[in-house]
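[1] Show me how the following folds:
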Amino acid sequence: MSNIEPHPTEQRVCEADAPGPEHGTELLEPREVPLGGPRAMLVHRALPGRNRRMVGAWCFADVYGPADVSTGPGMQVPPHPHIGLQTVSWLVQGTVHHLDGLGSDQVVRPGQLNLMTAGNGIAHSERTPEHAPDLLQGAQLWVALPGHDRRGPARFEHHDDLPGFSLPGARVTVIMGELGGHRSPARTHTPLVGAEVVIEAGSTVTLPVRPGFEHGLLPLDAPVRAHGHRVVPGSLLYLGTGRDHIEFHATERTHLLVIGGEPFAEDLVMWWNFVGRDHDEIVRARADWEEQREGHDRGEGFRFDPVRADGGAALPAPDLPNARLRARPRHRGA
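    Residues are numbered from 1 along each chain as shown. As a prediction, this is how the structure comes out:
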């Protein structure tokens with residue numbers, strides 16, 4: 001399934017007279033990617049992009065739906081591993097069932113946060129549950145863990161009472177970090193922010209932000225205009241540091257994610273579901289997953305505890321490339 005708008009009418013706001021893109025901005029166009037195995041649902045992935053790989057510590061952004069899951073399997077992502085990152089699951093419509101090797105068993109719903117910290121290693125699955133609502137729409141994002149925390153223990157958090165505040169024409173929910181004097185209870189490891197802004201149709205919204213952060217805007221269900229760009233759902237508008245506010249306009253009611261943080265200082269190797277620092281680390285994680293996926297153990301205990309409650313076959317790791325993986329900076333020009 002693809003990222004389908006139910007009423008795909010093109011909206012233009014004085015295109016001929018609109019100002020051009022502002023300095024320090026960059027529009028990242030998404031690519032369509034199958035999510036999971038042979039029953040894959042399609043998602044739109046804007047981050048990492050070809051030239052820009054991160055916004056603060058945010059290193060991955062998938063947007064999906066609204067997709068009709070009433071006549072198909074919906075999201076069916078079998079057990080798979082992660083290292084060195086946090087997964088941030090956020091829904092606009094529908095439900096997703098999370099299971100992991102820690103024994104966590106949690107259905108996430110719109111307005112709630114599922115936050116999984118992989119640390120040195122964790123396995124989980126994500127599936128559309130039985131009797132789910134007909135439409136599924138949302139996003140999953142990853143946050144890279146800094147060096148001093150990336151080999152720590154795995155954790156899972158669920159937050160169903162997140163702080164928020166109102167602005168003229170919009171309602172803001174603080175998902176991660178702090179914004180507008182409101183702080184999320186979710187655990188973070190670097191200075192960052194993640195928020196949902198629900199914009200009313202025809203509104204221009206001014207959102208105060210920290211000048212030391214770089215930011216990204218990610219519309220989920222309708223285009224917005226911001227800082228000289230028209231940003232369609234699934235695309236990500238990068239905004240560099242030095243801004244004390246972000247301004248955007250929506251002709252239709254829309255959900256927009258705002259992500260940001262201090263520029264991440266460490267170069268990363270991102271391959272499959274792993275975030276590491278060098279080739280050998282990725283090779284070791286892949287080997288550990290493959291051995292443990294097949295039920296083998298070197299006597300050191302499981303790095304990726306099995307997702308026993310799922311019952312489905314775990315995803316095999318893809319083959320490594322012939323060349324050594326290289327650590328890369330947050331953007332190509334760094």
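[2] quick one: average pLDDT of the helix or strand harbouring residue 281?
    In the assignment (DSSP states H and E), residue 281 maps to helix 279-293. In this model, helix 279-293 has an average pLDDT of 95.
[3] Buried residues, that helix. List them.
    279, 281-283, 285-286, 288-289, 292-293 (16 or more other CB atoms under 10 Å). Quick note: C-beta positions are derived from backbone N, CA and C, even for glycine.
[4] how about low-confidence regions in the protein?
    1-19, 36-39, 296-301, 333-334 (pLDDT under 70).
[5] Can you pull up the most central residue in it?
    residue 141 (1.0 Å; CA atoms, centre = their mean).
[6] and that residue, how far is that from residue 181?
    23 Å (CB to CB, to the nearest Å).
[7] for residue 244, same thing?
    14 Å.
[8] same thing with residue 222?
    Residue 222 is 28 Å from residue 181, where distance means CB to CB.
[9] Specify the local secondary structure of the residue nearest to residue 260 when sequence neighbours are not counted.
    Leaving out its chain neighbours, the residue that sits closest to residue 260 by CB to CB, 6 or more residues apart in numbering is residue 215, at 3.6 Å. Under DSSP: H, G, I helix; E, B strand; the rest coil, residue 215 falls in the strand class.
[10] residues touching residue 215, list them.
    55-56, 193, 209, 238-239, 243, 246, 258-260 (CB atoms under 8 Å, 6 or more residues apart in numbering).
[11] Using TSV, lay out these together with neighbour count and distance to residue 24.
    Conversion of those to TSV gives the following (neighbours: other CB atoms under 10 Å; distance: CB to CB, whole Å):
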residue	neighbour count	distance to residue 24
55	32	13
56	25	15
193	24	18
209	19	13
238	23	8
239	23	7
243	22	8
246	20	12
258	23	16
259	28	16
260	29	13
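[12] can you tell me which of these are in helices?
    Among the contacts of residue 215, no member is found in helices (DSSP state H).
[13] Out of those, name the ones that lie in strands.
    The members of those that map onto strands under DSSP state E are 193, 238-239, 246, 258-260.
[14] Dump these into JSON lines; add distance to residue 227 as well.
    Compiled in JSON lines, those are given as follows (distance: CB to CB, whole Å):
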{"residue": "193", "distance to residue 227": "18"}
{"residue": "238", "distance to residue 227": "10"}
{"residue": "239", "distance to residue 227": "6"}
{"residue": "246", "distance to residue 227": "8"}
{"residue": "258", "distance to residue 227": "13"}
{"residue": "259", "distance to residue 227": "15"}
{"residue": "260", "distance to residue 227": "14"}
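[15] any idea which of the residues you listed is the one closest to residue 125?
    The shortest gap between residue 125 and any of these belongs to residue 259, at 24.7 Å (CB to CB).
[16] For residue 186, see how far away that closest one is.
    For residue 259, the distance to residue 186 - CB to CB - is 13 Å.
[17] And stretch 46-66, what's buried?
    Buried, per 16+ other CB under 10 Å, within stretch 46-66: 46-49, 52-66.
[18] before we move on, what about stretch 138-154?
    Buried residues in stretch 138-154 (16+ other CB under 10 Å): 138-145, 150, 154.
[19] Please apply the same query to stretch 187-205.
    Buried residues in stretch 187-205 (16+ other CB under 10 Å): 188-190, 192-199, 203-205.
[20] Quickly list what residue 44 is bridged to.
    Here residue 44 sits in beta bridges with residue 32, residue 63, going by DSSP bridges.
[21] Make sure it is actually in contact with residue 30.
    Yes: at 3.8 Å, residue 44 counts as touching residue 30 under the criterion of CB atoms under 8 Å.
[22] Which neighbours do those two have in common?
    63, 234.
[23] Could you measure from the closest residue to residue 175 other than its chain neighbours over to residue 330?
    What sits nearest to residue 175 in space, not counting adjacent residues and going by CB to CB, 6+ apart, is residue 194, at 4.2 Å. Taking CB to CB as the measure, residue 194 falls 17 Å from residue 330.
[24] Over to residue 209?
    From residue 209 across to residue 330, the span is 19 Å (CB to CB).
[25] Number of residues surrounding the closest residue in space to residue 327 that isn't next to it in sequence?
    Among residues not flanking residue 327 along the chain, residue 267 sits closest, at 3.9 Å (CB to CB, 6+ apart). Applying other CB atoms under 10 Å, we find 14 residues neighbouring residue 267.
[26] for residue 87, what are its contacts?
    With CB under 8 Å, 6+ apart, residue 87 has these contacts: 114-116, 118, 124, 140-142.
[27] next one: residue 289
    81, 123, 303-304, 317.
[28] Could you rerun that using 10 Å?
    Shown in contact with residue 289 (CB atoms under 10 Å, 6 or more residues apart in numbering): 80-83, 121, 123, 272-274, 303-304, 314-317.
[29] So residue 222 and residue 181 - more neighbours on which side?
    More crowded of residue 222 and residue 181, by other CB under 10 Å: residue 222, with 21 against 9.
[30] thought the more buried one was touching residue 255?
    Yes: applying CB atoms under 10 Å as the test, residue 222 and residue 255 come out as touching, 8.3 Å apart.
[31] Can you pull the residues that touch both of these two?
    199, 233.
[32] can you tell me how far the closest residue to residue 91 other than its chain neighbours sits from residue 177?
    Closest residue to residue 91 apart from its sequence neighbours, by CB to CB, 6+ apart: residue 138 at 3.8 Å. In this view, residue 138 and residue 177 are 19 Å apart by CB to CB.
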